[in-house]
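> Dropping the sequence and predicted coords here.
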Amino acid sequence: MLESFLDYFRATIVRQLQGVSESAARLGRTDSGMSIIGIVRHLAGVELWWFVDVLADQRPGYFWSESDVLADSDCDWKPTPDETVESVLDMYDEACATARASAARFELDDVVLRPDRADLSITLRWIYVHMVEETARHAGHADIFREAIDGTLAD
């Protein structure tokens with residue numbers, strides 16, 4: 001059930017970016033420069049962090065380097081000049097598939113330690129709930145951005 005809720009919001013994220021022009025996708029819609037393509041790029045990294053790095057204790061193939069992160073801790077929000085709407089959607093699809101495969105190897109109540117907070121134990125169930133919340137929150141942002149871009153309303 002939790003994965004189904006998450007998959008619903010994953011699909012919502014994809015729908016909100018599909019069909020958006022390259023220039024509109026990159027247009028910052030907030031003072032921080034958040035864009036609709038940046039939201040999807042960020043969520044690709046979040047999928048890998050929680051389901052692979054944290055849950056499976058494996059270093060995934062992130063879509064940016066450690067030196068990128070050291071230079072700009074918000075680099076996951078910023079598409080590179082060569083990335084396109086299509087390539088970021090592919091990035092997100094790949095990250096979600098990797099996350100699903102990783103989660104399938106665990107039970108909901110399996111306990112893992114957070115690498116960034118060794119004092120905190122969490123379960124796959126906790127990760128799913130957190131990911132539903134985070135993806136839904138960003139889907140709301142994407143809904144507003146998409147409506148501002150071309151008037152398309154969310155389902």
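Done, it's in. Numbering: from 1, shown residues only.
> So which residues of this structure form strands?
Along the chain, the stretches classed as strands by DSSP state E are 111-114, 117-123.
> Would you map the helices across the protein?
With DSSP state H, the ranges of helices along the chain come out as 2-17, 22-26, 36-48, 66-71, 85-103, 124-150.
> tell me the most buried of the strands of the chain?
For the strands of the chain, the largest average neighbour count (mean count of other CB atoms under 10 Å) is found in strand 111-114, namely a mean of 14. Any C-beta I mention is one placed from the backbone N, CA and C, and that applies to glycine too.
> and it, what other elements does it pack with?
strand 117-123 (3 or more CB pairs under 8 Å, 6 or more residues apart in numbering; DSSP states H and E).
> Show me what the strand it packs on pairs with in its sheet, parallel or antiparallel.
Sheet pairing for strand 117-123, assigned by DSSP bridges, gives strand 111-114 (antiparallel).
> Could I get the CA-only coordinates of the strand it pairs with as CSV?
As requested, the backbone C-alpha atoms of strand 111-114 are provided in CSV (Å, rounded to 0.1, in the frame of the first residue of the first chain):
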residue,chain,number,x,y,z
VAL,A,111,15.8,-1.6,10.8
VAL,A,112,18.7,0.4,9.4
LEU,A,113,20.9,3.2,10.8
ARG,A,114,20.9,6.5,9.1
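> mind checking how far Phe51 is from Asp68?
From Phe51 across to Asp68, the span is 21 Å (CB to CB, to the nearest Å).
> Those two - which one has more neighbours?
Remark: of Phe51 and Asp68, Phe51 carries more neighbours, 27 against 15, as counted by other CB atoms under 10 Å.
> For Tyr128, list the residues it contacts.
Counting by CB atoms under 8 Å, 6 or more residues apart in numbering, Tyr128 touches 2-3, 5-6, 103, 108.
> Would you mind giving the residues you listed as a markdown table with pLDDT, neighbour count and distance to Ala154 added?
Below are the contacts of Tyr128 laid out as a markdown table (pLDDT from 0 to 100; neighbours: other CB atoms under 10 Å; distance: CB to CB, whole Å):
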| residue | pLDDT | neighbour count | distance to Ala154 |
| --- | --- | --- | --- |
| Leu2 | 94 | 15 | 21 |
| Glu3 | 95 | 17 | 21 |
| Phe5 | 96 | 16 | 16 |
| Leu6 | 98 | 25 | 17 |
| Ala103 | 98 | 22 | 26 |
| Leu108 | 97 | 14 | 29 |
